[in-house]
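Asker: task: produce atomic coordinates for the following.
(chains A, B, C and D)
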There are 2 protein chains.
Amino acid sequence: MADTPGVTEPTLEEQIAAYQREFQDLDPQVEKIVSALSRLNRRMNVAYGRQTAALGISNADWEVLKALVLSGAPYRMGPSDLAKRLGLTPAAMTHRIDRMVTEGLVTRERDEANRVRVIVELTTDGREKWLEAMRLATVFEEDLLQDLSADERTALGEVLTRLLRRVEHAQPDAGGRLTDLE
Amino acid sequence: MADTPGVTEPTLEEQIAAYQREFQDLDPQVEKIVSALSRLNRRMNVAYGRQTAALGISNADWEVLKALVLSGAPYRMGPSDLAKRLGLTPAAMTHRIDRMVTEGLVTRERDEANRVRVIVELTTDGREKWLEAMRLATVFEEDLLQDLSADERTALGEVLTRLLRRVEHAQPDAGGRLTDLE
DNA sequence: GCTTCGAACTTTAGCTTTGAAGTCTTCAGA
DNA sequence: TCTGAAGACTTCAAAGCTAAAGTTCGAAGC
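Answerer: So this is what the prediction gives:
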């Protein structure tokens, strides 16, 4: 339904024209970058969602698998660490883990060394699902970037990380303006 | 909580190193672009959310206001058109409109010409909230891009729209590979 | 004119997430 | 040892979403 064929989304150009009509003080160059970033990200997430769904797991499951795998062997984390890593509340993490345990993607057990803690561990099946998802994702990503030369890819990566650093190392003040922290 | 100070998110470089450790067939250059895109978008959404919250409206409200304003005067749309435009189900739209009517951002009335239809119309207050949000957003966006020269901005906009066109005009096949439609 | 179909919206049930309250475990101090 | 406090997780209630069923209105066919 989010991708029903008949949906009439304006093109990027039409949207920017509408912005300029309704809001005079707009830099179309800036708006083009921001809108394209946002749309691109949305489309990519739809694509990832389709791929993980084909593997029988949800996008939510995929996020958890990713965090566990990237934590490195033996692929164990506590629920609160996972929650912080994914930007969820501990309560949501509890429910997600419930689901994933019944799906056989992870196991949950008490830490006998400190019985307040819980250990969530990736199962072999969970790890294989992640690898499978990664294979699909890399094919998609390579296709997405296929029209870009090696130089263009380098430049794009450099510019994006520069922007990222600017957002990560700065905090907007009350007016929304970014101010450097260091 | 999603932006608690003590959260230990790995840097982009650390994350890519972890990917390579766990998944050999990975092009770090591609991963860098994709990960940076995703992170950048997430950070920007957090920033927009903070700004709209400061105006007393939710991010969901903002999306609806945006769709109505961009539709042009007299700023009217039907619930199903709004739902399609935002990628929601009609049911979700019904509830959102309920909320926004009580907040005074829009009005809802039956179309007397065709009583099956409903007309959602932006109020003056709703339009002003959107303008205020746009002012904050443009300040943030200009600050975000301040380190980029005019040439760099042009190049970035061009590359992003090229990628966007590739995702929008192509559909992944069963294996996730993008194939051109025309 | 009556009936049936379809379109547009609303309602209902179920799921996921959040915020707040509750439970259990550990640790430090009396 | 006992008590209090803090930490880690779970439970509960409420909000927002989806899918599916229900309602209402309009239009086409008999």
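Asker: domain assignment for chain A?
Answerer: A:10-54, A:57-141 (automatic domain parsing).
Asker: switch these over to TSV; also include mean pLDDT and distance to chain B.
Answerer: From N, CA and C alone the C-beta is placed, and that goes for glycine too. Putting these into TSV (pLDDT from 0 to 100; distance: least, CB to the nearest CB, whole Å) gives the following:
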stretch	mean pLDDT	distance to chain B
domain A:10-54	93	4
domain A:57-141	94	4
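Asker: rebuild these as JSON lines, extending it with mean neighbour count and distance to residue B:39.
Answerer: Shown next, in JSON lines, are those (neighbours: other CB atoms under 10 Å in any protein chain shown; distance: least, CB to CB, whole Å):
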{"stretch": "domain A:10-54", "mean neighbour count": "17", "distance to residue B:39": "10"}
{"stretch": "domain A:57-141", "mean neighbour count": "17", "distance to residue B:39": "12"}
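Asker: so for DNA strand D, which of the ones you listed sits nearest?
Answerer: The closest of the domains of chain A to DNA strand D is domain A:57-141. By CB to the nearest atom of the strand, the value is 3.0 Å.
Asker: off-centre distance for the longest helix seen in chain A?
Answerer: Once chain A is assigned using DSSP state H, the helix that runs over the most residues is helix A:28-54. Averaging C-alpha positions (CA atoms, centre = their mean, to the nearest Å) puts helix A:28-54 11 Å from its chain's average.
Asker: show me what the helix or strand following it is packed up against.
Answerer: Remark: after helix A:28-54, the chain's next helix or strand is helix A:59-70, criterion DSSP states H and E. Counting contacts by 3 or more CB pairs under 8 Å, 6 or more residues apart in numbering or on different chains; DSSP states H and E, helix A:59-70 packs against helix A:28-54, strand A:76-77, helix A:79-86, helix A:90-102, strand A:118-122, helix A:124-144, helix B:12-22.
Asker: tell me which of the ones you listed approaches DNA strand C most closely.
Answerer: helix A:90-102 (3.1 Å).
Asker: residues making contact with the following helix or strand past that closest one?
Answerer: The helix or strand immediately downstream of helix A:90-102 is strand A:106-110, counting by DSSP H and E. Strand A:106-110 has contacts (CB atoms under 8 Å, 6 or more residues apart in numbering or on different chains) with A:64, A:68, A:97, A:100-101, A:117-123, A:126.
Asker: now strand A:106-110 against helix A:79-86, angle please.
Answerer: 140 degrees (axes from the mean of the first three to the mean of the last three CA atoms, to 10 degrees).
Asker: get me the contact residues on chain A for DNA strand C.
Answerer: For chain A, the residues in contact with DNA strand C (CB under 7 Å from any atom of the strand) are A:58, A:60, A:87-92, A:95-96, A:99, A:114-116.
Asker: closest one of the residues you listed to residue B:40?
Answerer: Nearest to residue B:40 out of the residues of chain A next to DNA strand C is residue A:87 (CB to CB; 15.2 Å).
Asker: hang on, the earlier thing: turn the domains of chain A into TSV, including distance to residue B:146.
Answerer: Compiled in TSV, the domains of chain A are given as follows (distance: least, CB to CB, whole Å):
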stretch	distance to residue B:146
domain A:10-54	10
domain A:57-141	27
